[in-house]
Every structure is written in C-alpha cells, then in structure tokens.
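Novice: Give the three-dimensional model of this entry:
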Amino acid sequence: MLRVLYIIYSFLIALPLFIVVTAITGVAVFVASLFGDRTYTSYYVPKVWGRCACTLFLLPVKIEGREKLDSKQSYVFLANHQGYFDIFLIYGYLGHNFKWMMKEYLKKMPFVGFACMASRQIFVGDSISSIGRAVAQARETLRGGMSMVIFPEGTRSFDGKMVPFKRGAFMLANEIGLPIVPITINGSFDVFSRKANIVSWGRLSLTIHDPITDEQRKGKQTKEIMQEVYDIIDSKLEK
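Specialist: Alright, predicted model coming up:
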C-alpha cells in the first residue's frame, strides 16, 4: 500500500514540481552565464536543484567524509555510477565547487544540455582531438578550488556493481597533477537505475574518501592507481 501511495505521489506531485525546478535551474544558469558568471551560479543553483530532487522524492541522504576536503584545493573526484540520482546526490551534497566531465551527447538533453554548455562543463568525446581539448580546458578551469567530477566507469551500472574503470580519468588527473578523491555512492541503483521506469523510495549515501595526492601516486603505473581507487570505492559499496 505504501509503495502504491509513493508512486502516486511521485507522478502527481514530485515529478511535475521537479520538471519545473529543472527548467528554472537551466534558465538561471544560462542567464547567469550570459552575464559572465560561470563559477558561482553554475554551482549553487544546481546545488539547490540536487537537494530539491532528493527532497521532492522524499529520499533520506547520508554524507560521510566532507571534512576531508579543503575548499581552496582543487580535486579530481572519481565516483561509482549507480543511477540517475548520482547527479543530484553529488550536486546537492558534495559541498565543493566543481565542473563535470561528461560525454558530448549530453549536450542534447533538454534544459540541462544548454545550461551545461553555458556554464562551461567539460565535454569529451571518443576522438583523440576531443580528449586533447578536454585536457586543455581542464588545465585552464581546475584551479583555486574549482574541481572536477568524473564517473570512471563511463556509464551507469546494470546491476549496482562496478565495472572496470576507464583509463582516461586517471591519465587526466596525472596530467594536471591534482589529488584524486574516491567517492562511494550507495542506494542510487535501488532508487532509479538505468532499467527502471519509476522512482522507488530508498536511502542514499555518499562517502568521501581520503584524497590521494600526486606525490602519493608518483612511481605507480596508471593501472595500479586505477585498481587502488577501485578497491577504495568498492570497500564502502553495499553488497
């Protein structure tokens, strides 16, 4: 009975309100970008958007490890990718200004796509030239506390478990010399996975692990660093 009531609430109240909030968020970020603000509005407005998404769908959120971050330090955050609510969870509750590294096809998303382009999120394709442009943009953008979030799996999970990481995120982190911060997301797969048609109630959690500095990574092969980050994220993943 509670599940039926939650589905009715989601479709009749939460979803319509969320669509309105999403449209307002996209327009606000786009307008602010036209006036030259691609730093604060593009973070704080989506932060409210992320929290609204979790609140509207009545999803409790637990955060661990935020005290490990220095607001003046730039990081490369690497998180597992369970489902759609990963975006809202990171935007709303990470507590650190950042840009996304995202696939180029996401430019076509309604409202969100043009807001991401206007706010100078970092898009990357499969070609060598596209990767080169992403690295150059990251070098220019990631300074003074501005960080970047990447899903190193490259796609959402099919079963809630992690798949092997792609090398690109780690090569980028090593190239620009920033600390890597592993993040473990739990609950998002059960709430709204890539195969789901509706949002289900569940608990969300985001665990921020200790930063791995460029100095700590020196002398290690990329494959070794990839496995280290994978194991750290997996250590807090609910089985």
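
Novice: right, and the helix or strand after the helix or strand of the chain with the lowest mean pLDDT?
Specialist: Within the chain, no helix or strand scores below helix 112-118, which has a mean of 70 by mean pLDDT, DSSP states H and E. For helix 112-118, the succeeding helix or strand toward the C-terminus, using DSSP states H and E, is strand 122-124.

Novice: mean confidence score for that next one?
Specialist: Confidence for strand 122-124, expressed as mean pLDDT, is 77.

Novice: right, and the helix or strand after that strand?
Specialist: Next element after strand 122-124 (DSSP H and E): helix 128-141.

Novice: CA atoms only for whichever helix or strand comes after that next one, dumped as CSV, please.
Specialist: The first helix or strand that comes after helix 128-141 along the chain, using DSSP H and E, is strand 147-150. Extracted in CSV, the C-alpha atoms of strand 147-150 (Å, rounded to 0.1, in the frame of the first residue of the first chain):
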residue,chain,number,x,y,z
SER,A,147,37.4,20.7,-9.1
MET,A,148,36.1,18.1,-11.5
VAL,A,149,33.8,15.1,-11.1
ILE,A,150,34.1,12.0,-13.3
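
Novice: same for strand 147-150, what does it pack against?
Specialist: For strand 147-150, the packing partners by 3 or more CB pairs under 8 Å, 6 or more residues apart in numbering; DSSP states H and E come out as strand 76-79, strand 98-103. Using the backbone N, CA and C atoms, a C-beta is placed for each residue, glycine as well.

Novice: Enumerate every residue touching the closest residue to residue 208 other than its chain neighbours.
Specialist: Once flanking residues are discounted, residue 208 sits nearest to residue 65: 3.3 Å by CB to CB, 6 or more residues apart in numbering. Contacts of residue 65 were listed using CB atoms under 8 Å, 6 or more residues apart in numbering, and they are 207-210.

Novice: ChimeraX command to pick out the buried ones of those?
Specialist: Buried residues within the contacts of residue 65, by 16 or more other CB atoms under 10 Å, are selected in ChimeraX with:
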select :207,208,209
